[in-house]
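J.: only geometry, no sequence info:
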């Protein structure tokens, strides 16, 4: 197959947030194994208008996100756990992917999706990961066996350069990237042809 494309979605309005850096770390693990990656971080997500299903008009940023996911062979999605649930920025981006409903390969069909949650406490980690898995199932994707939850209240997770400081977290994020990449390779059906058909 051609080199798989893994798309990352996740971050907050704060530059260098732990959720954004966690997604980047998992994408870097996929890159080390031969993937191409594209990341839509918090700044990008914050630029997206609220999804309005009755309005078919799309901004260039909205079209860029939809096109990237359409072309993706796998995804990594990360969210902070805000009050036990997915952040509004991430949920708005996922709602926009309703634009993929008419594709031959609808939504996330046939693709593995790695999930990462960061929160200041384990309870929000668990409930947010469960909510993300439910959303991925609704979008016909396959959550990877490993879902990574990181408690940002326990220890600094990343340094100022974005390097993961916690050995356990680094190992889990590496495995997450490996699972998403490995599934894309084994699936052996690159998304490029679908993206061309839908363009």
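T.: Sure, I can see it. Computed from a predicted model, the values in this text were never measured in an experiment. Residues are numbered from 1 along each chain as shown.

J.: what's the single longest helix in this structure?
T.: helix 167-187 (DSSP state H).

J.: Pull out the buried residues from that one.
T.: Buried positions in helix 167-187, judged by neighbour count with 16 or more other C-beta atoms under 10 Å: 169-170, 172-185, 187. No exception for glycine: its C-beta is placed from N, CA and C like everyone else's.

J.: What are the contacting residues of it?
T.: Residues outside helix 167-187 that contact it (C-beta atoms under 8 Å, 6 or more residues apart in numbering) are 1, 4, 6, 22, 25-35, 73-76, 110-114, 116, 142, 144-146, 148, 150, 157, 164.

J.: ok, now with 7 Å
T.: Identification of contacts with helix 167-187 by C-beta atoms under 7 Å, 6 or more residues apart in numbering yields 1, 4, 6, 22, 25-30, 33, 35, 73-74, 76, 110, 112, 114, 116, 144-146, 148, 150, 157, 164.

J.: got it, and stretch 11-21?
T.: 10, 23, 41-43, 45-46, 78-80, 87, 89, 116, 118, 150, 152, 157-158, 162.

J.: Stretch 55-74: which residues count as buried?
T.: Applying a neighbour-count criterion of 16+ other C-beta under 10 Å, one finds 62, 65, 66, 68, 69, 70, 71, 72, 73, 74 buried in stretch 55-74.

J.: what ranges do the helices span in the chain?
T.: Under the criterion DSSP H, the chain contains helices at 18-32, 42-47, 60-71, 88-96, 122-138, 167-187, 192-198.

J.: Any idea which of these gets closest to residue 104?
T.: Residue 104 sits nearest to helix 192-198 of all the helices of the chain, at 6.2 Å, using C-beta to C-beta.

J.: Turn the buried ones among the contacts of stretch 11-21 into a named PyMOL selection, would you?
T.: Buried residues among the contacts of stretch 11-21 (16+ other C-beta under 10 Å), as a PyMOL selection:
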select buried, resi 10+23+41+42+45+78+79+80+87+89+116+118+150+152+157+158
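
J.: what stretches of the chain score poorly on pLDDT?
T.: Scanning the chain for pLDDT under 70 picks out the ranges 1, 189-199.

J.: Surely residue 68 and residue 9 touch.
T.: No. Counting by C-beta atoms under 7 Å, residue 9 is not a contact partner of residue 68; they are 9.1 Å apart.

J.: most remote residue from this protein's center?
T.: Taking C-alpha atoms, centre = their mean as the measure, the residue most remote from the mean C-alpha position of the chain is residue 54, 25.4 Å away.
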